[in-house]
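# for reference, the sequence and a predicted model appear below.
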Amino acid sequence: MKTKGPKPSAEIGVEKLTDMYGQMVTIRLFEERVVELYRRAQIPGIAHVSIGQEAVPVGICNALRTNDYITSTHRGHAHCLAKGADITQMFAELFGKVTGYCRGKGGSMHIANPATGNLGANAIVGGSIPIATGAALSAKLRKTNQVAVCFFGDGALNQGVLLESMNFASIWRLPVIYVCENNQYGEYTPTKRVTAGDIEMRGKALDIRTAVADGMDVLAVYDAACEAVDHAKSGKGPSFLVMETYRFIGHGMSDVDRAYRTREEEQEWQRARDPIDRLRTTLIEEWRLKQSALDAISSGVAKQIDISVEAAQKAPLPAAEELMKHVYAD
Amino acid sequence: MKTKGPKPSAEIGVEKLTDMYGQMVTIRLFEERVVELYRRAQIPGIAHVSIGQEAVPVGICNALRTNDYITSTHRGHAHCLAKGADITQMFAELFGKVTGYCRGKGGSMHIANPATGNLGANAIVGGSIPIATGAALSAKLRKTNQVAVCFFGDGALNQGVLLESMNFASIWRLPVIYVCENNQYGEYTPTKRVTAGDIEMRGKALDIRTAVADGMDVLAVYDAACEAVDHAKSGKGPSFLVMETYRFIGHGMSDVDRAYRTREEEQEWQRARDPIDRLRTTLIEEWRLKQSALDAISSGVAKQIDISVEAAQKAPLPAAEELMKHVYAD
Amino acid sequence: MSMQTNGREITMSEAINEAIREEMGRDENVVLWGEDVGAAGGVFKVTKGILDRFGPERVFDTPISEAGIVGLAVGAAMTGLRPVVEVMFGDFLTLAMDQLVNQAAKIHYMSGGTFRVPMVVRTTLGAGRRTAAQHSQSLHAWVAHIPGLKVVLPSSPYDAKGLLKTAIRDNNPVVFFEDKISYQRKGPVPDPDQDYTISFGQADVKREGSDLTIIATSSMVHMALTAASKLSEDGIQAEVIDPRTLVPLDSQTLIDSVKKTSRCIVVDQGYQSFGVTAEIAALVAEQAFYALDVPVRRLGAVDVPIPFSPSLEDLTIPTVESIVVLAHEMVAG
Amino acid sequence: MSMQTNGREITMSEAINEAIREEMGRDENVVLWGEDVGAAGGVFKVTKGILDRFGPERVFDTPISEAGIVGLAVGAAMTGLRPVVEVMFGDFLTLAMDQLVNQAAKIHYMSGGTFRVPMVVRTTLGAGRRTAAQHSQSLHAWVAHIPGLKVVLPSSPYDAKGLLKTAIRDNNPVVFFEDKISYQRKGPVPDPDQDYTISFGQADVKREGSDLTIIATSSMVHMALTAASKLSEDGIQAEVIDPRTLVPLDSQTLIDSVKKTSRCIVVDQGYQSFGVTAEIAALVAEQAFYALDVPVRRLGAVDVPIPFSPSLEDLTIPTVESIVVLAHEMVAG
Ligand SMILES: Cc1ncc(C[n+]2csc(CCOP(=O)(O)OP(=O)(O)O)c2C)c(N)n1
Ligand SMILES: Cc1ncc(C[n+]2csc(CCOP(=O)(O)OP(=O)(O)O)c2C)c(N)n1
Ligand SMILES: [Mg+2]
Ligand SMILES: [Mg+2]
């Protein structure tokens, strides 16, 4: 059962492109609201946002079908949203409300949603790599023609389970796509200082189809994803995609001085390579969209976020009986 | 403090070559005796022997100084012997006697010996890889100009800790030499079936100097080791050496039918590539040694083994008080 | 025992093999992987013939990658399969703890009940085989400590088969500990066509008695039964109870027995300190407090890395003798 | 307390920092590594300034490789260094258990006493920070279960500093658990020039009392002390004891106290089942059996993966209230 993979960007037309623009804007505004709500102590715990990195989840997930799987990381809101999560349920989860995706039990780092194929964010760096690989094995054995995408950061490159999982994927030719979002830092440490060799070699060494893409260009990401999905769905096995990207703000909410990098470096990425600006320019210059049409998208999203936040804020906290529920499945 | 590395084989002369021959014969006869003693139920537990693989430990360890470190594996007798272990204490340990290297507490898979730089065999596949790497870090920090050699089998290539350790070694340029003895099988599974890509790529991908050598040719092994030692001792960092080799008999003592490989394949390796025969031929044809001189070496070793076994057999078992000793160091 | 066994006796190893075959036959989503479990039938030959019966689509030999073996099972279990995977020696669980504990155990809860992780990790425990400190541990206490995991410790072929079938049908991650030393132990098991399962959380009274309760796990049950026979010759009637599953734990049966006998020994092969005997002893000491004549006593492995030399290893694990001596001491006063 | 503290008060975090600095100053073989422990001073800022003080030859930021972090320490410790390494969250110990348990813990024994492994793994425990199931565990029971490892749980800055200095000088692998929630807790600590250490295996009576013994670990000690104050208002005098090290465990002090008070509660932040409270309760119930008026009671974390939502998380960990209620119940009868 060979299914045609997704169409490359040259063929998808303005509607889909505008849609992708809207998704990136949604993520950006969602994350900005998270920061604000966190500062106002409305979001408990810890949270990591993807401001600046929107092109990767959006580019990848638009090459997937709803029933294709993803796994995500501690920096996972964007992946969940790009795979189709509902904003209200996302906020509800971040607030610890019972109406959240995990009934408030998971929080920022554990959002999961079977309906969109989201197997879950994961607070263990590298923790979801074998899980995505296992989902790919399952898809292969059940002959469902699904693909599993495993998002992870550059920090996960040095977790042993990466080697183990990629080796499994390679020898068994599993339909899994490993997407490394290299945002140049793992917490406060520059990736280069702790990561030997060229990143893409980690895939090649295991005989895995490997590609590097500009993770600030959603179309480049999307095209790389399409090829990987095609490869996977035609039974050829795994891919490893390295996405060069950058988080515009701190690692987590408490990371404010960012002494580990210069303001100049930050500005270089933010000014010249913002993925939303970039697609906006393309839409305006190549597809002749009006500024106002794009602005309308943003304000629509902003309104949706207001509504969602309000609804999520009104939702109830889990009752005490929830505590002992779901420790074991029936 | 740059120390000259060891001389390559072209410069070492017949005495050293004959010595290496004797070491390989020692390992061969030692292991044959282990098999025999095991069959006679004199050695308890489990034991894995290195018959056929003698060239690797001997070639490598002859490029090392006594205070250089090694770590070994479940198939570790040969490494211990090549690094200078005493035969009687080896047998005593295999018998579980208090005069053994570990006072009988370690057994076949755990022989360790500080006097020869042997940090220990290890019954966890891959378990010693970070240990050797840590020893190299220690040597570097203490500026002792020691090198650490980490022996492991092809099976350990798929343990995550290999990636983690090699990455550490590469980014910190540690004086460690990873020696993969690819004997083509991990237990009953052919290496190729479970190991993706070319083995040497696992080193190259991490920017580690990598070489492949014929692990059945002790001089090729020795030369590869000399280069790696030189590289390490001149501060250039780690090497990864892949040694193609073969175990002539079963994985462990109970592996007798070896259904996972053909008798033809075994004979090909045994007849054409026996590392001891090969060096013997070189010594006779190129160095004009007499057959009788080489036979005398074998019979000398055999005699030594007889004496050692007898002494080890007579040694006492550990007394009950030993049980609670050495759980904690003072 | 609840089933007729027709006099058929098979080994623990065969019972486990049968359970896997029957469940694989019943449900095509049950798949099997682990190191050398396929062509070689496992290093202990427990999975012999299963590859031939179900083919390479459902039975695979893996690389030596314990974290991956368990981790792939998590992902597969979340998406429709019911993997039964093997971690050859319980000591190697150390390599897979993140996937087992941070992932498998928690996903159902963390996802608010939306994902389930129906998987079985078969592994081993037990010393006595002279395989030294890294191949002789019994680490089931660790697993039992983690909410979200179930823990099974069969002591007989009958129990092993019935419990493993239950484990495979369970919708949670289950760790199934097999004592290597009992693989060849035989016992009555119903014919393969008689489908039976044993519910989790039901302790089994392996022998009734009135003077003393011996709570024992896994192969320690046999030590306890032999000790009970000897004690009976001396006029002491020991009741021997096997909890069979540590999680869920049938505390009621244990407590009721001790309330009856007033004395209790807990025997388990894991390290004694901070181990299984502690939990059970603490529970009994609390719940049967007013019935106890003497303190609850514990027999676990001596707190040392298991030594290789037979002369030392034999001192580490509870023995029939150590149970008998302790029982006499307790009954005396 | 045995030292004059001159009224100086510092935080737990500062105390730990001082201990590391002093030991690094004393012994050049003491080195430090872990994720972001150098330039950033650790995610909890505990190691702040140590890189500047001792330089990049002795303090390194590592890749995110917990098995490697611990495993390299084993090799380094065997060959002359005394590494102090950090595993950022105790939950990540799961990734390093092979190196900790099969290697570090066993090498001295397996080598017949010829190699020593003097290393310290600093890690965290504790919930309450709304960081959910993979960042809130207290897994010290696991470590305490393994012979060959020592386990330290400081509850005050004074203890933290003295115990960490002892840990660094110890010739064995020591796991040092810090409760994240107490890093900013202040307490009296002698001036830096006053070198003091606290021996392992010496429980500390944090408050004397006659009616009830509360044995509490880590930050639960403060819960217990607050509970004791409240109880005292109701005329119940609780003795609060902090074992400070689980391995070695000063069982004598615990038992003597219970023999005096006849009642005992054990409070610990790990999952209750098969956890630390079980070992201590079993021990006390056995050794102080004849002195006990009521059963020993345990308060551990509820056996669930720690939930994110504050409304649920707050129900998981023992509280002052839960201690007080239980104490009243026990004294009543
Ligand atoms: C196993 C593990 N180790 C350490 C951490 C702490 N931690 C959380 S995020 C992070 C950095 C991850 O870096 P990267 O993978 O590059 O992702 P990024 O944050 O850059 O998106 C670390 C070390 C963790 N969560 N899990
Ligand atoms: C972590 C771990 N997993 C599995 C085993 C069981 N085991 C012992 S030896 C072996 C095969 C090792 O193969 P390889 O590394 O190629 O070494 P060889 O036996 O061929 O010398 C296995 C799987 C083990 N000892 N440790
Ligand atoms: Mg990053
Ligand atoms: Mg091999």
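Happy to help now that I have it. Numbering: from 1, shown residues only, chains lettered A, B, ... in the order given. Ligands and ions are numbered 1, 2, ... in the order given.
# skipping adjacent residues, who's closest to the residue of the stretch 101-250 of chain C found nearest ligand 3 in space?
For the stretch 101-250 of chain C, the residue positioned closest to ligand 3 under C-beta to the ion is residue C:102, at a distance of 20.1 Å. Backbone N, C-alpha and C define where each C-beta goes, glycine included. Taking C-beta to C-beta, 6 or more residues apart in numbering or on different chains, and ignoring the residues beside it in sequence, residue C:102 has residue D:134 as its nearest neighbour in space, at 4.9 Å.
# how about residue C:236?
residue C:211 (5.0 Å).
# contact partners for the one you found?
By C-beta atoms under 8 Å, 6 or more residues apart in numbering or on different chains, the contact set of residue C:211 is C:236-238, C:261, C:263, C:331.
# CSV please, covering the residues you listed and showing pLDDT, secondary structure and neighbour count.
Listed next are the contacts of residue C:211 as CSV, based on pLDDT from 0 to 100; DSSP: H, G, I helix; E, B strand; the rest coil; neighbours: other C-beta atoms under 10 Å in any protein chain shown:
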residue, pLDDT, secondary structure, neighbour count
C:236, 98, coil, 21
C:237, 98, coil, 15
C:238, 98, strand, 27
C:261, 98, helix, 22
C:263, 98, coil, 23
C:331, 96, helix, 20
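# nearest to chain D among those?
Distance to chain D across the contacts of residue C:211 (C-beta to the nearest C-beta) is lowest for residue C:263, with 11.9 Å.
# what ranges do the helices span in the chain?
Looking at chain A here, since you left the chain open. Ranges of helices in chain A, per DSSP state H, are A:13-39, A:55-61, A:77-82, A:87-95, A:129-142, A:160-171, A:191-194, A:201-204, A:218-233, A:263-273, A:275-285, A:291-314.
# let me rephrase: I mean chain C.
Listed in chain order (using DSSP H), the helices of chain C are C:12-26, C:50-54, C:66-78, C:97, C:105-110, C:140-144, C:157-169, C:220-233, C:251-261, C:276-287, C:310-313, C:320-332.
# indicate which one of those is closest to residue B:282.
Counting by C-beta to C-beta, residue B:282 lies closest to helix C:66-78 out of the helices of chain C; the figure is 42.4 Å.
# angle of that closest one against helix A:129-142?
Here the directions of helix C:66-78 and helix A:129-142 differ by 50 degrees (axes from the mean of the first three to the mean of the last three C-alpha atoms, to 10 degrees).
# mind checking the helices of chain A for the one nearest to residue C:152?
Closest among these, once you apply C-beta to C-beta, is helix A:129-142, at 22.2 Å.
# excluding sequence neighbours, find me the nearest residue to the residue nearest the centre of chain A.
Using C-alpha atoms, centre = their mean, the residue of chain A that lies closest to the mean C-alpha position is residue A:79, 2.8 Å off. Nearest-residue entry for residue A:79: residue A:72, 3.9 Å, with adjacent residues in sequence omitted and distances by C-beta to C-beta, 6+ apart.
# for residue B:54, see how far away that neighbour is.
Separation of residue A:72 from residue B:54 (C-beta to C-beta, to the nearest Å): 50 Å.
# count the neighbours of residue 125 for me.
With no chain named, the answer covers chain A. By the other C-beta atoms under 10 Å in any protein chain shown criterion, the neighbourhood of residue A:125 contains 26 residues.
# was after chain C, sorry
Counted with other C-beta under 10 Å, residues neighbouring residue C:125 total 25.
# from memory it sits against residue C:178, does it?
Yes. Counting by C-beta atoms under 8 Å, residue C:178 is a contact partner of residue C:125 at 7.3 Å.
# domains of chain C?
C:9-188, C:204-332 (automatic domain parsing).
# closest to residue D:302 out of these?
Distances from residue D:302 to each of those were compared by C-beta to C-beta, and the smallest falls on domain C:9-188, at 8.3 Å.
# does ligand 2 sit close to the closest one?
Yes. For domain C:9-188, a contact with ligand 2 is found by C-beta under 6 Å from any ligand atom, at C:35, C:64, C:66, C:88, C:92, C:95.
# ok so, going back, what sits against the residue of the stretch 101-250 of chain C closest to ligand 3?
Taking C-beta under 8 Å, 6+ apart, we find residue C:102 in contact with A:124, A:127, D:91, D:94, D:133-134.
# out of those, who's nearest ligand 1?
Nearest to ligand 1 among these: residue A:124, at 4.6 Å, using C-beta to the nearest ligand atom.
# okay, that closest one: pLDDT?
For residue A:124, the model assigns a pLDDT of 98.
# what about the residue of chain C found nearest ligand 3, distance to residue D:181?
When you check chain C against ligand 3 by C-beta to the ion, the closest residue turns out to be residue C:98, at 19.5 Å. As defined by C-beta to C-beta, residue C:98 lies at a distance of 23 Å from residue D:181.
# pLDDT below threshold where in chain C?
Across chain C, the stretches falling below the confidence threshold (pLDDT under 70) are C:1-4.
# flag every residue of the stretch 1-150 of chain A that's near chain C.
Within the stretch 1-150 of chain A, the positions lying close to chain C (C-beta under 8 Å from any C-beta of the partner chain) are A:69, A:71, A:100-106, A:110, A:112-114, A:119-120, A:122, A:124, A:127, A:129-139, A:141-142, A:148.
# could you list every helix and strand in contact with the strand ranked longest in chain C?
Residue-count comparison of every strand in chain C, with assignments taken from DSSP state E, identifies strand C:264-271 as the longest. Packing partners of strand C:264-271 (3 or more C-beta pairs under 8 Å, 6 or more residues apart in numbering or on different chains; DSSP states H and E): helix C:140-144, strand C:212-216, helix C:220-233, helix C:276-287, strand C:297-301, helix C:320-332.
# so of these, which one's packed in deepest?
Highest mean neighbour count among the helices and strands packed on strand C:264-271 (mean count of other C-beta atoms under 10 Å in any protein chain shown): strand C:212-216, with a mean of 30.
# by how many degrees do that one and helix C:320-332 diverge?
On the basis of the same axes, to 10 degrees, strand C:212-216 is oriented at 150 degrees to helix C:320-332.
# partner strands of strand C:212-216, parallel or antiparallel?
For strand C:212-216, the paired strands and their directions (DSSP bridges) read strand C:238-242 (parallel), strand C:264-271 (parallel).
# for ligand 4, find the nearest of these.
When those are compared (using C-beta to the ion), the closest one is strand C:264-271, at 31.3 Å.
# which stretches of chain A aren't confidently modelled?
Counting by pLDDT under 70, chain A shows low-confidence ranges at A:1-4.
# chain B contacts on that one?
With C-beta under 8 Å from any C-beta as the criterion, chain A meets chain B at residues A:158-164, A:166-167, A:170-171, A:193-198, A:201-202, A:204-208.
# buried subset of those, written for PyMOL?
Remark: buried members of the residues of chain A next to chain B, expressed as a PyMOL selection using 16 or more other C-beta atoms under 10 Å in any protein chain shown:
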select buried, chain A and resi 158+159+160+161+162+163+164+166+167+170+171+194+195+196+197+201+202+204+205+206+207+208
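# now for residue C:319, how many residues are close by?
Residues lying near residue C:319 (other C-beta under 10 Å) number 17.
# measure the residue nearest to residue C:236 to ligand 2 for me?
Separation of residue C:211 from ligand 2 (C-beta to the nearest ligand atom, to the nearest Å): 44 Å.
# likewise for residue C:301?
Counting by C-beta to the nearest ligand atom, the gap between residue C:301 and ligand 2 amounts to 21 Å.
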